[in-house]
Structures are given as structure tokens and as C-alpha cells.
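> how would this look folded up:
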Amino acid sequence: MQIPLQITFRHMETSEALEAKIREKASSLDRFADHIMSCRVTVEAPHQHNQQGKLFNIKIDITIPGGEIIADRHPDKHQAHEDVYVALRDAFNAARRQLEDYVRKQRGKVKKHEVPPHGRIKQLFPVEDYGLIETADGREVYFHRNSIIETDFDKLEEGDSVHFSEEAGVDGPQASSVHLEGKHHVTG
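Sure thing, here's the model as predicted:
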């Protein structure tokens, strides 16, 4: 961290043991994001007197290049937060998850769902148990009767739109997991 860790205790006595735990957890955040500029941790006990089972609120404010991450654990949602160390653990876990998400986005490692190849059935050869798919770019892709998913090969018609998984076959491109688009066909 570029700026030293800031720890604030509100409505409670300062605790050396708790402060040491906070420092330990804050230093571990550097494993998830190496450009943390600052980290501020606030530990707050309820301000109400004569309350049994005080629930602690932990707020972690992390500044990183291009953003800020705030992990805030409110006591009204977590009865386990009568233990300040449980509240602290939960807040730092939330901060760590947010840091990991931020770093993944920065590195472009966000999951992207690729659109499967599309085409239309160009020809069917029912006696030989295969057909040909014409792709949008004009290629022909072979498929076998057993590659059809969620419909029956015999119900296919030339011109039907399909999407499929493509792989290299012995004689050229081959489709596997061929799905009929736009219609809900029942097998059998």
C-alpha cells in the first residue's frame, strides 16, 4: 500500500489484538491486487447502552487505481457479528472478492460466452444418416444423425436454422451437438 493502513474504532475501546488482526488481513489483500493505494478500516460497536449481544459494523474502504472498493458489513443482517472477529473476517472476505472481480475486469479475464456457429441445413441424406450444414460464410459442414440434440433427425428439413459445435473431422469440418433453432421439437 502506498498510504499506511488507517484503523478507526468507534464507540469502543481500542484493542491491540484486534488491530493486529486487521493489519494481518489488510496486508493479505496485496496478494489479490498489487496496486492498492490505501486501505481504511472502521470498526464500530453500537452506540446504544445496556444492549446485550452487541453487533459490530466493519467498513473497509480500499482505494485502487481507477476505483474504490467498499466492503461494509452491517450488524442488522448478520447475527454472527456479535463476535467482532467474525464480522472482521466477513468484511475482509467481501473486500477480497470485490478486489478479485476488479482485477479480473482490469485484465480482461471476464467470462465471455461465445456464440456457437450458426447455419442452415443445406442437404439431408436420410438413407446414409447424415446431412450438410451451410454456414453464414458459405462453408459446408458435415453432421451425422447422432449429432442432433433435442429433436429427431427424420424431422429435420432442408433450410432449417441450426447452431452447432464444430470440430475437425477425417474429411473436413464436422458438426457435433447440432441444435435446431426457433422450434421446439420433441424426440420420438
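> which secondary element of this structure has the worst mean pLDDT?
Of all helical and strand segments in the chain, the minimum by mean pLDDT, DSSP states H and E falls on strand 67-73, at a mean of 82.
> now it, how far from the centre of its chain.
Strand 67-73 sits 18 Å away from the centroid of its parent chain (C-alpha atoms, centre = their mean, to the nearest Å).
> do the same with stretch 7-24
33 Å.
> what's the answer for stretch 144-164, then?
Centroid separation for stretch 144-164 versus its chain: 33 Å, with C-alpha atoms, centre = their mean.
> in it, what counts as buried?
By neighbour count on 16 or more other C-beta atoms under 10 Å, the buried set for stretch 144-164 is H144, R145, S147, I148, T151, F153, L156, D160, V162, H163, F164. C-beta here means a position set from N, CA and C on the backbone, and glycine is covered the same way.
> endpoint to endpoint, that stretch covers what distance?
Start to finish, the residues bounding stretch 144-164 are 12 Å apart (C-alpha to C-alpha, to the nearest Å).
> ok, now how distant is E181 from H144?
As judged by C-beta to C-beta, to the nearest Å, E181 and H144 stand 19 Å apart.
> what kind of secondary structure is D30 in?
helix (DSSP: H, G, I helix; E, B strand; the rest coil).
> can you check the pLDDT for the nearest residue to it once chain neighbours are set aside?
In space, and not counting its chain neighbours, D30 is closest to I36: 6.3 Å by C-beta to C-beta, 6 or more residues apart in numbering. Looking at I36, its pLDDT is 88.
> with V162 instead?
Here the pLDDT value assigned to V162 is 92.
> pretty sure it is touching I121, no?
Yes - here V162 reaches I121: they are 6.3 Å apart, a contact under C-beta atoms under 8 Å.
> what touches both of those two?
Here V162 and I121 have I133 as joint contacts, going by C-beta atoms under 8 Å, 6 or more residues apart in numbering.
> how many neighbouring residues does the residue nearest to D30 have?
Neighbours of I36 under the rule other C-beta atoms under 10 Å: 20.
> part of a helix, is it?
No - with three-state DSSP as the criterion, I36 is assigned coil and is not in a helix.
> and it, what does it touch?
Applying C-beta under 8 Å, 6+ apart to I36 gives the contacts M1, Q2, L29, D30, I62, T63, I64, L99.
> what's next to the biggest helix by length in the chain, contact-wise?
Counting residues, the longest helix found in the chain (DSSP state H) is helix 84-106. For helix 84-106, the surrounding residues in contact (C-beta under 8 Å, 6+ apart) are 18, 21-22, 25-26, 28-29, 32-33, 36, 43, 45, 55-60, 62, 64, 66-67, 69, 71-73, 75, 78, 80-81, 110.
> what do you get for stretch 64-73?
33, 35-37, 57-62, 81, 87, 90-92, 94-95, 98-99, 102, 106.
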